[in-house]
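Q: here you go, sequence then predicted model.
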Amino acid sequence: MSSMQRSTAMNNHDSVEPSSSGTGANGLSAESAPVWIHDLTVAYHRKPVLWDVNLAVPEGKLIAVVGPNGAGKTTLIKAALDLVPRASGNVMIYGKSYERQRHLVGYVPQRESVDWDFPVNALDVVAMGLYRKIGWISPVSRRYREKAMESLEKVDMTPYAKRQISQLSGGQQQRVFLARALAQDARVYMMDEPFVGVDVATERAIVALLKELKDAGKTCLVVHHDLQTVPNYFDYVVLLNMRVVAHGATEDVFTEENLKKTYGGKLTLLSDAVYEFSKDPRLPSGTKETHQ
Ligand code: ADP
C-alpha cells in the first residue's frame, strides 16, 4: 500500500512521535525511552489493527493506554513484547530490542487470557516469573522462593501461597500476577487491564502498588478501560484507536475533544469523565471547566 493510501486510511492521526530522525517531539531518544515504538503496523489475517504507530513513552510515569474495544491496546502491548508478529516497524526497550532487554520488563497479562486450571499454586506462578534468572532446568532455590514469598507479601497474598490458582478469586489471581511481575524487579511494567474483575480492596491495592512503582522510578504502561479513574490513577495518557490519536500528560491530553477523536460519538460517559477531571484540585483554577 502506498504511503498516500496509508495516510488516508485513518485521518485521526495527528500525533507522530518519535520522528524517524531518532528523537521524538517530546525530547525522548530511543535510548532514553523505556518504550520506543516506531512506525509499528500489526495485522491479523492481513487486516491491520495497528497502523504506523509512533510512540515514545517517558520514564517514571504511570501511563494509561486508553481506547475503545478493538482499538489495538492489547495488541500494542503484545507487539512490544514480541508476542505477536509485526508487519513493519520497530520497538525498543531502552534502546535495544525486547529480546535483549526482557530482563527489564515485567508483564501482567489480561486475566482472561490465562489458563487458571493449570495445576500450580500461587507461589509457583510467582517463582515461574523468575525462571529467566533461575533457568528452566535448575530447581527453584531457597533464595528465589524467598523472593517469590516477599512479592506475595507485598500484595497481601502470603496466606494463599500454597493454594491452587484455580481456587483463588479474580482479585486474588490478579494479585498473584502482580506479585510475579514485582518479583522480576523490572524497570518497565506492562499491564493489560489489571483492574478488570477485581474487588474494591484489590483495586486499591493495585493503585497503591502502581504509586510505589512510580516512586521507585519505574515506568508502568497500563491498558485501562475505565475513563472515570484515568485522571486519578495515571499521570500520562496514550489515546489509541489503531493509531496514536494523542499522548501526553493527563492534564493536557485527557480532553473531551481528544476522547471524541478516539471514541467517535460512541461514549456517553465522556463528558462525565472530563467533568470529574476538571474538578481535580491539582488543576490550576483557570483551567477548570464548568459542566454543561
Ligand atoms: P483492544 O485491546 O483495544 O480491545 P485488541 O488488541 O485486543 O484490542 O484487538 C484489536 C483487534 O484485533 C480486534 O478487532 C480483535 O478482534 C483483533 N484481534 C485480536 N487478537 C486477534 C487474533 N489473535 N486473531 C485475529 N484477530 C485478533
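A: Done, it's in.

Q: what sits closest to residue 74 if chain neighbours are left out?
A: residue 192 (5.6 Å; CB to CB, 6 or more residues apart in numbering). C-beta here means a position set from N, CA and C on the backbone, and glycine is covered the same way.

Q: against residue 159, how distant is the one you found?
A: To residue 159, residue 192 is 27 Å away according to CB to CB, to the nearest Å.

Q: more crowded one of those two?
A: Ranked by neighbour count (other CB atoms under 10 Å), residue 192 and residue 159 place residue 192 first, with 23 against 9.

Q: test my guess that the more buried one contacts residue 77.
A: Yes. Checked against CB atoms under 8 Å, the pair residue 192 and residue 77 is within contact range at 5.5 Å.

Q: spit out the residues that contact these two alike.
A: Overlap between the contact sets of residue 192 and residue 77, as judged by CB atoms under 8 Å, 6 or more residues apart in numbering, is given by residue 223.

Q: who does the residue nearest to residue 74 bridge with?
A: Counting by DSSP bridges, residue 192 forms beta bridges with residue 223.

Q: and stretch 107-115, what's buried?
A: Neighbour counts over stretch 107-115 (16 or more other CB atoms under 10 Å) mark 107-111 as buried.

Q: who's in contact with the residue in the stretch 151-292 of the chain positioned nearest to the ligand?
A: Closest residue of the stretch 151-292 of the chain to the ligand, CB to the nearest ligand atom: residue 223 (6.3 Å). By CB under 8 Å, 6+ apart, the residues touching residue 223 are 64-65, 73-74, 77, 110, 191-193.

Q: now the residues you listed in a markdown table, with distance to the ligand?
A: Compiled in a markdown table, the contacts of residue 223 are given as follows (distance: CB to the nearest ligand atom, whole Å):
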| residue | distance to the ligand |
| --- | --- |
| 64 | 13 |
| 65 | 8 |
| 73 | 3 |
| 74 | 3 |
| 77 | 8 |
| 110 | 8 |
| 191 | 13 |
| 192 | 8 |
| 193 | 8 |
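
Q: show me where the stretch 1-150 of the chain has strands.
A: Using DSSP state E, counting those that start in this stretch, the strands of the stretch 1-150 of the chain run over 35-44, 47-57, 62-66, 88-92, 105-108.

Q: out of those strands, which is the most enclosed?
A: strand 62-66 (a mean of 26; mean count of other CB atoms under 10 Å).

Q: for it, packing partners?
A: helix 73-80, helix 200-215, strand 219-223, helix 230-233, strand 236-241 (3 or more CB pairs under 8 Å, 6 or more residues apart in numbering; DSSP states H and E).

Q: so where is this protein shaky, pLDDT-wise?
A: The model of the chain has pLDDT under 70 over residues 1-27, 131-140, 265-292.

Q: can you show me the helices along it?
A: 3-9, 73-80, 98-101, 122-128, 131-134, 142-154, 170-183, 200-215, 230-233, 250-253, 256-263, 270-278 (DSSP state H).

Q: now render the ones you listed as CSV, adding mean neighbour count.
A: Shown next, in CSV, are those (neighbours: other CB atoms under 10 Å):
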stretch, mean neighbour count
helix 3-9, 10
helix 73-80, 24
helix 98-101, 14
helix 122-128, 23
helix 131-134, 14
helix 142-154, 17
helix 170-183, 24
helix 200-215, 16
helix 230-233, 18
helix 250-253, 18
helix 256-263, 18
helix 270-278, 18
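
Q: got the end-to-end distance for stretch 94-113?
A: In stretch 94-113, first residue to last residue: 27 Å (CA to CA, to the nearest Å).

Q: let me redo that: stretch 38-53
A: 6 Å.

Q: equivalent analysis for stretch 115-129, please.
A: First-to-last distance for stretch 115-129 - CA to CA - comes to 15 Å.

Q: right, is stretch 79-92 up against the ligand?
A: No. Contact between stretch 79-92 and the ligand is absent, the nearest approach being 7.2 Å (criterion: CB under 6 Å from any ligand atom).
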